[in-house]
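Colleague: Sequence first, then the predicted structure:
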Amino acid sequence: FAIFCFFGGTRKIVYAKVHWIFQNPPRKTQSHQILAVLGEVKYQNADFLGESVFSVQHYGTVSEKTLSESKNLIYTHNSGMAKVRIILVVLLFLCAVSVAAKPKTQMRVIVVDGAEICFDETFSADGDGIPPLKRLFGFNVEKRLTGLLRQGYSEKDALLKTFPSLLRSLENLANEKYVPPENARVTFNPDGEKTFEYVPEKTGRKADLDKLIKDVVKNVIGAQSVVSVSYDVLYPEITEKDLRENTLLRGKFSTAFKRSSDARKSNVGLAAKKLNGATVNPGEVFSFNERIGARTLDNGFLEAPVIVDGKFQGGIGGGVCQVSTTLYNAVLYADLTIIGVSRHSLPVKYVPASFDAMVSSMTDFKFANDGRYPIYVKSYVKDDELYVEIYGSPLNYEVRLVSEITGSAPRDVKYIDDDTMNVGEELVLAEGADGVISRGIMEKYMNGECVFRREIRKDFYKSQQKVVARGTKKAADDNNKENQLAGII
């Protein structure tokens, strides 16, 4: 319309249909509105006209007076200024079209994955770096991208300036093609024929996005680019070989309980069953009490002798300490980090001094896994023998445990008079035991040579009182003599 107005004649005017609305009355200088101006027609200024509707009108050669009397007169303007204004309108029109118009240049990209086409799309040039005229009239894709590369832009930046939607699609394609690697897995079956079962690892793949972008730009011919996607192999962190090498027997220990009561044997078996199958992952701390649970009748434990303050007495769960002690020694042989352990108040018969682990509602046995692979605990009872085995990363040295008695405290003797026994006769009711001062030592051997020796704990065990019954009954001869003397007196 603006071009027609500019070249349409020298003394003609065309009024377009417009709705002219001012919500607030403008100043007089703002009341001028131009619809179209042609030739050298001159108008006079007009006051604010308010709301008006102007229909399209075409005037032939008319006089200035006629135009001056026209009700449709807007304002006067000389032809030179009119042409300048129309040129500005045309430029503004072209700029608006340039910005709003759909891009004329397109690029087709085909990506081949093996023998299949996995990507075939066409993209319009929609980058912010495209000049308006090239956006409007189009350009040579190959020359454009090559020119940007010569200017020092990378292939990625060249696409970003020209075909950003293509760049985003390539990134999405790379994400869709990503296959993560899968680590090998192991299943711990402490009661199965095979203690461990393995699932092999799987490699993954990652599309080489940088190479894909470079190939797309490099292989442009005309407005098309055909490329092949290439992959980087992603290897898992843990392989089946790693798992097999790190699920080996690391330490073991066993204790016997043949002379225990049936109730105590039941408690040992139940605690061993609850312990069996425990897994301690890297960085975790194992708690015996959390694993076994409270020693109560509801949890299946029975009453059996326990040590309380240096004395044996009945208690629920007697015998569980033998399980914690057996585990403690297996952990020592596996050379794992001990977090907390407590001794009994009295020495126990199933392990040497300084190698027991007493547990109760107030005390716990804990150890940590500081390695890179899990620790597995297997425990079972066979022929009145308790076994605990620790599996994990094997040691390249042998662990030996040494119990040293460094002192003792004599036991007290308590006598109980017994009138059923003759004077001078004695019967030991309880042998008792001397108190023990001991220390536990860990040694490590490589090729038969001790390369490490360290004291790991010191302990004092209370003495146990010796109880002796002594007779107070006098013999018959002694009684007769006493009676004869009494008669003489």
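Modeller: Noted; the coordinates are in hand. Residues are numbered from 1 along each chain as shown.
Colleague: Can you give me the distance of E201 to T279?
Modeller: Plainly put, E201 is 20 Å away from T279 if you go by CB to CB, to the nearest Å. Just so you know, the C-beta spots here come from the backbone N, C-alpha and C atoms, and that holds for glycine as well.
Colleague: next one: A223
Modeller: Counting by CB to CB - A223 and T279 are separated by 60 Å.
Colleague: picking that back up, neighbour count for E201 and T279, which is higher?
Modeller: Neighbour count, other CB atoms under 10 Å: between E201 and T279, E201 has more, with 20 against 16.
Colleague: Quick check: closest non-adjacent residue to S165.
Modeller: Using CB to CB, 6 or more residues apart in numbering and skipping residues adjacent in sequence, the residue nearest S165 is F123, 5.4 Å away.
Colleague: Can you name every helix or strand that whichever helix or strand that neighbour is part of contacts?
Modeller: Using DSSP states H and E, F123 sits within strand 116-124. Secondary-structure packing of strand 116-124 (3 or more CB pairs under 8 Å, 6 or more residues apart in numbering; DSSP states H and E): strand 106-113, helix 164-176.
Colleague: Strand partners (parallel or antiparallel) of it?
Modeller: strand 106-113 (antiparallel) (DSSP bridges).
Colleague: Same question for the strand it pairs with: list its buried residues.
Modeller: M107, R108, V109, I110, V111 (16 or more other CB atoms under 10 Å).
Colleague: chain center to it, what's the gap?
Modeller: Distance of strand 106-113 from its chain centroid, counting by CA atoms, centre = their mean, to the nearest Å, is 38 Å.
Colleague: In the stretch 1-150 of the chain, where is pLDDT below threshold?
Modeller: 1-86, 88-90, 93-104 (pLDDT under 70).
Colleague: dump the residue contacts of the residue nearest to S165.
Modeller: Q106, M107, R108, V109, F163, S165, L166, S169 (CB atoms under 8 Å, 6 or more residues apart in numbering).
Colleague: which SSE is the spatially closest residue to the fourth one that is not a sequence neighbour in?
Modeller: Same thing as V109. The shortest distance from V109 to any non-neighbouring residue, by CB to CB, 6+ apart, is to S225 (5.2 Å). Assessed by DSSP H and E, S225 sits inside strand 224-228.
Colleague: now for that strand, which elements pack on it?
Modeller: strand 106-113, helix 209-218.
Colleague: Also compute the angle for that strand relative to helix 164-176, please.
Modeller: Counting by axes from the mean of the first three to the mean of the last three CA atoms, to 10 degrees, strand 224-228 lies at 20 degrees to helix 164-176.
Colleague: List the buried residues for strand 224-228?
Modeller: Result for strand 224-228 [16+ other CB under 10 Å]: buried residues S225, V226, V227.
Colleague: Now do the strands in the stretch 201-350 of the chain.
Modeller: 204-207, 220-221, 224-228, 231-234, 248-256, 279-280, 285-287, 303-308, 311-316, 337-340 (DSSP state E, counting those that start in this stretch).
Colleague: Between those strands, which one is closest to V381.
Modeller: Nearest to V381 among these is strand 248-256 (9.9 Å), distances taken as CB to CB.
Colleague: Now that closest one: buried residues?
Modeller: Buried, per 16+ other CB under 10 Å, within strand 248-256: R250, G251, K252, F253, S254, T255.
Colleague: Equivalent analysis for stretch 364-378, please.
Modeller: 364-369, 371, 373-378.
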